[in-house]
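J.: sharing a model prediction with you, sequence too.
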Amino acid sequence: MPLKEIKTETENALTIERILHAKRYSLTLDKTLCVGCEICQIICPREAIELKKNPKKNGEKAQRPIFDVSEQKCSYCGMCEPICPFSAIEVRVDQQHMVPVLDKGSFPELIRDIEVDPAKCDIGCLDCEKACPLNLITVTVLTPDGREINPEEAKTLSTKESLKVKVDIKKELCPGCRLCEMKCPKGAIRVRKIMHGILRINLEKCPVGCQDCLDVCPIPGALYLDENDNKVHPNETFCVFCGVCKLVCPVEGALVFDRRMILHTPVSSGAWNKALEKLTSTKEYSKESKTKGLAKAQKMVEKRLLPKEVS
C-alpha cells in the first residue's frame with residue numbers, strides 16, 4: 001500500500017506521485033507540449049488517463065480536450081511516454097527519468113527520423129525555422145572563429161564564403177509533420193512521418209461554417225477552410241494523426257479518421273500488440289503481427305537448417 005498519493009497542478013504542468021516505503025514514482029504532463037490528443041488515453045492499460053472535453057463558449061474557438069490522470073489508477077508503467085508524438089509526458093522513479101516498459105523491452109519508441117544537410121542551406125535562410133509550428137528549429141550561422149551569429153546579421157557581412165549554417169532541431173519533440181521539409185527551398189531537410197493513416201471529411205455531414213477540428217489542430221495546413229464551400233478540408237501530407245480533431249468534432253461521422261501505421265523501433269510483446277491493436281485499424285495490426293510471425297518462423301528454420309559451428 002502506498003504511503004501517499006499526490007496530485008499537483010500548475011498552469012504549465014500536471015503531476016501525480018506515489019510514495020512507497022522503498023520507491024517514489026511520478027508522472028508529469030507538460031501542458032505546454034500536450035495537444036489534448038487521444039493516443040495516451042487509448043493505450044493506457046489501467047484506463048487511468050482521461051481526455052475531458054473543453055466546453056465551447058458561444059462565439060469562441062473550440063478548445064483542445066483537457067488531460068487528466070488518476071493517481072489511484074496509474075501504475076507508472078510508462079506506456080504513455082514513448083508513444084506520445086509530442087513528448088509531453090515524463091515518468092520518473094526515485095526522481096530519475098525511467099520508463100519501466102522500455103527498460104523491460106516490452107514497448108517500442110517512436111522513430112523520429114530527421115536528417116539535415118546544412119551544406120545545402122543559404123546564408124540567412126530561415127524558411128525551416130519559420131515553418132515549424134512547434135518552434136523546434138533554430139538556425140544560426142557559425143563564423144570561422146566559432147561564434148554563432150543570427151542569420152540576419154550574417155547577411156550583412158561582406159564575405160560569406162567562410163560562414164557555415166547550423167540547424168538545430170529538437171528531434172525528441174518532433175511529431176513529424178514535414179512542414180519544414182516542404183518549406184525548405186534547397187532540400188536540406190528530410191523527415192519521415194511517424195504515423196500514417198486516413199483523414200477524410202464527409203462534406204455531407206460537416207456543418208457549414210464549423211471549424212472546431214481546425215481550431216484544435218496543432219499543425220497548420222493539415223486542415224484548412226475552403227472559401228468556396230466554407231467547410232474544412234484535410235491535407236494528409238502534414239497530418240501527424242494525433243486524433244485531437246476526432247475528439248472535438250461535434251457531428252458523428254463528419255470526420256473519418258483511421259490510423260494505419262506507426263514508425264517504431266522493433267519489439268515483440270503482448271503489451272505492444274494490445275496497444276497497436278487499439279491505436280491502428282484491425283487490418284494494419286494483423287499485417288504487422290503476420291510480419292512478425294513470418295520473421296520468427298524464418299529464424300527458427302535458419303536455426304534448424306544452417307550448419308552448426310564446429311568448436
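T.: Good, I have the coordinates. Treat the numbers as computed from the prediction; the structure is a model and nothing was measured.

J.: buried residues in stretch 57-77?
T.: 62, 63, 64, 65, 67, 68, 69, 71, 74, 76, 77 (16 or more other C-beta atoms under 10 Å). Placement of C-beta: from N, CA and C, glycine included.

J.: next: stretch 111-125.
T.: Within stretch 111-125, the residues that count as buried by 16+ other C-beta under 10 Å are 112, 114, 116, 121, 124, 125.

J.: which of those residues fall in helices?
T.: The helices, defined by DSSP state H, take in nothing from those.

J.: pLDDT for those residues - can I get that in a markdown table?
T.: What follows is the buried residues of stretch 111-125, written out as a markdown table (pLDDT from 0 to 100):
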| residue | pLDDT |
| --- | --- |
| 112 | 98 |
| 114 | 98 |
| 116 | 97 |
| 121 | 94 |
| 124 | 88 |
| 125 | 92 |
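
J.: looking at the buried residues of stretch 57-77, which is nearest residue 130?
T.: Residue 130 lies nearest to residue 64 out of the buried residues of stretch 57-77, by C-beta to C-beta, at 23.5 Å.

J.: wait, isn't that closest one in contact with residue 35?
T.: Yes: at 6.0 Å, residue 64 counts as touching residue 35 under the criterion of C-beta atoms under 8 Å.

J.: common neighbours of those two, please.
T.: Common contact partners of residue 64 and residue 35 (C-beta atoms under 8 Å, 6 or more residues apart in numbering): 216, 244.

J.: chain center to stretch 196-216: distance?
T.: 21 Å (C-alpha atoms, centre = their mean, to the nearest Å).

J.: before we move on, the earlier item: wait, which of the buried residues of stretch 111-125 is closest to residue 275?
T.: The shortest approach to residue 275 among the buried residues of stretch 111-125 belongs to residue 112, at 18.4 Å (C-beta to C-beta).

J.: hang on, the closest one packs against residue 174?
T.: Yes: Residue 112 is in contact with residue 174 according to C-beta under 8 Å; the separation is 5.5 Å.

J.: the nearest residue to residue 70 once chain neighbours are set aside and residue 233: what is the separation?
T.: Distance criterion C-beta to C-beta, 6 or more residues apart in numbering; nearest residue to residue 70, sequence neighbours excluded, is residue 48 at 4.7 Å. According to C-beta to C-beta, to the nearest Å, residue 48 stands 36 Å off from residue 233.

J.: which one of those two has more residues nearby?
T.: For residue 48 versus residue 233, neighbours defined as other C-beta atoms under 10 Å are more numerous around residue 48 (21 against 16).

J.: any idea of the pLDDT on the more buried one?
T.: Listed pLDDT for residue 48 reads 98.

J.: contacts only, for it.
T.: Here residue 48 is in contact with 69, 70, 73, 74, 75 (criterion: C-beta under 8 Å, 6+ apart).

J.: the last one sits in which helix or strand?
T.: By that I understand residue 75. Remark: residue 75 resides in no helix or strand, with elements defined by DSSP states H and E.

J.: which residues does it contact?
T.: Contacts for residue 75 (C-beta under 8 Å, 6+ apart) come out as 45, 46, 48.

J.: let's go with 7 Å and repeat that
T.: By C-beta atoms under 7 Å, 6 or more residues apart in numbering, the contact set of residue 75 is residue 46.

J.: same question, residue 124
T.: So, once contact is read as C-beta under 7 Å, 6+ apart, residue 124 ends up touching 151, 152, 154, 155.

J.: next one: residue 128
T.: By C-beta under 7 Å, 6+ apart, the contact set of residue 128 is 137, 139, 167, 180, 183, 184, 189.

J.: any of these buried? List them.
T.: Applying 16+ other C-beta under 10 Å to those flags 137, 139, 167, 180, 184, 189 as buried.

J.: let's have those residues in TSV, adding pLDDT, distance to residue 238 and secondary structure.
T.: Formatted as TSV, these follow (pLDDT from 0 to 100; distance: C-beta to C-beta, whole Å; DSSP: H, G, I helix; E, B strand; the rest coil):
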residue	pLDDT	distance to residue 238	secondary structure
137	98	15	strand
139	96	21	strand
167	97	20	strand
180	98	11	helix
184	97	14	coil
189	98	14	strand
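
J.: please report phi then psi for residue 260.
T.: Main-chain dihedrals, residue 260, degrees, to the nearest 10: phi -110, psi -30.

J.: please apply the same query to residue 272.
T.: Reported as degrees, to the nearest 10, the phi and psi values for residue 272 are phi -70, psi -40.

J.: nice, that's everything, thank you.
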